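Trainee: quick one, structure for this:
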Amino acid sequence: MSLKLLFGFHAVSVRLKVAPKSIRELHVDATRRDQRMKQFLAKAEEAGLRVIDSDDDKLQKLAGTHRHQGVVARVEAIQQSNSLDDLLDSLTEPALLLVLDGVTDPHNLGACLRVADGAGAHAVIAPKDHAVGINATVAKVASGAAETVPYFMVTNLARTLTELKERDIWIIGTSDDAPHSLYEGRDFKGPVALVLGAEGAGMRQLTRKHCDELVSIPMLGGVSSLNVSVASGVCLYEARRQRLA
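Mentor: Numbers count the residues shown, from 1 in each chain. Alright, predicted model coming up:
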């Protein structure tokens, strides 16, 4: 079974919490024994994991970055829903999905996964040919959300949106030139997929054509747009606010 890397306290701590048996190797900075590291090591010991003391050079080589915080793990992939259909069939509340079209930056994807987790989105969907996959950088930025939020990369995004419509999931895209704002009477209590494009380029035209509705995020200051992860948070939390109300 192939292993992948996780690094940073948040990413590794979440894996330690949700699936400790999937951690095959756990490397930590041998020189770091502050309170945060002591608490982390106590949890690792409680889970029965063997900890490998390593120096900074070894940790940098493993993680591929100096921003490892002294914690690097080799882990097995967690088995999630085999398909988007399986996940949708298992839901007990109206679907809340985030669709990302053209997001190729791992930092943006990691931040989107983090906000999707916080808002209780059921999955994040992206096209295979216009998206970044889950890698160590994504997992680090996601602060554990890459372990908890299903991320589906689909071959044909337009076809997937059509299939979501067949399930009575309303497809709402975001665009600066949309005729209505996010807050103008939009109902997000039912099954909904929120579609966002990459910052600058926005959604591709074909993706836009498959949306049932377009909405804008009000921009009242001097800047013309938001980072895609911030925009995702604005949209997802408006949906969650309505559902909580």
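
Trainee: surely residue 140 is within a helix?
Mentor: Yes - under DSSP: H, G, I helix; E, B strand; the rest coil, residue 140 sits within a helix.

Trainee: pretty sure it sits against residue 9.
Mentor: No - contact criterion C-beta atoms under 8 Å: residue 140 and residue 9 do not qualify, at 9.7 Å. Quick note: C-beta positions are derived from backbone N, CA and C, even for glycine.

Trainee: for those two, indicate the residue with more neighbours.
Mentor: Shown here are residue 140 and residue 9; by other C-beta atoms under 10 Å, residue 140 has more neighbours (26 against 19).

Trainee: what comes up buried for stretch 173-189?
Mentor: 173, 174, 175, 178, 182, 186, 188 (16 or more other C-beta atoms under 10 Å).

Trainee: burial count for residue 63?
Mentor: With other C-beta under 10 Å as criterion, residue 63 counts 22.

Trainee: what sits up against stretch 116-124?
Mentor: 84, 87-88, 91, 95-100, 112-113, 142, 144-145, 148-152, 232-233, 236-237, 239-240 (C-beta atoms under 8 Å, 6 or more residues apart in numbering).

Trainee: what about that stretch, how long is it end to end?
Mentor: 8 Å (C-alpha to C-alpha, to the nearest Å).

Trainee: ditto for stretch 216-231
Mentor: By C-alpha to C-alpha, the extent of stretch 216-231 from end to end equals 10 Å.

Trainee: residue 63 and residue 72 touch, don't they?
Mentor: Yes - Residue 63 is in contact with residue 72 according to C-beta under 8 Å; the separation is 5.0 Å.

Trainee: which neighbours do these two share?
Mentor: Residues touching both residue 63 and residue 72 (C-beta under 8 Å, 6+ apart) are 5, 7.

Trainee: residue contacts, the residue nearest the centre of the chain?
Mentor: Centroid-nearest residue in the chain: residue 113, 1.6 Å away (criterion: C-alpha atoms, centre = their mean). Residue 113 makes contact with 124, 138, 142, 145, 146, 149, 151 under the criterion C-beta under 8 Å, 6+ apart.

Trainee: ditto for residue 170
Mentor: 190, 191, 192, 193, 212, 213.

Trainee: one step back: doesn't the residue nearest to the centre of the chain belong to a helix?
Mentor: Yes - the assignment for residue 113 (three-state DSSP) places it in a helix.

Trainee: picking that back up, which of the contacts of residue 113 fall in helices?
Mentor: 138, 142 (DSSP state H).

Trainee: which other helices and strands contact the one helix or strand residue 158 maps to?
Mentor: Per DSSP states H and E: residue 158 is located in helix 157-166. Helix 157-166 sits against strand 96-101, strand 123-127, strand 170-174, strand 192-197, helix 205-209, with contacts defined as 3 or more C-beta pairs under 8 Å, 6 or more residues apart in numbering; DSSP states H and E.

Trainee: turn the ones you listed into JSON lines, columns for mean pLDDT and distance to residue 133.
Mentor: Compiled in JSON lines, those are given as follows (pLDDT from 0 to 100; distance: least, C-beta to C-beta, whole Å):
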{"stretch": "strand 96-101", "mean pLDDT": "98", "distance to residue 133": "12"}
{"stretch": "strand 123-127", "mean pLDDT": "97", "distance to residue 133": "9"}
{"stretch": "strand 170-174", "mean pLDDT": "96", "distance to residue 133": "23"}
{"stretch": "strand 192-197", "mean pLDDT": "96", "distance to residue 133": "18"}
{"stretch": "helix 205-209", "mean pLDDT": "95", "distance to residue 133": "19"}
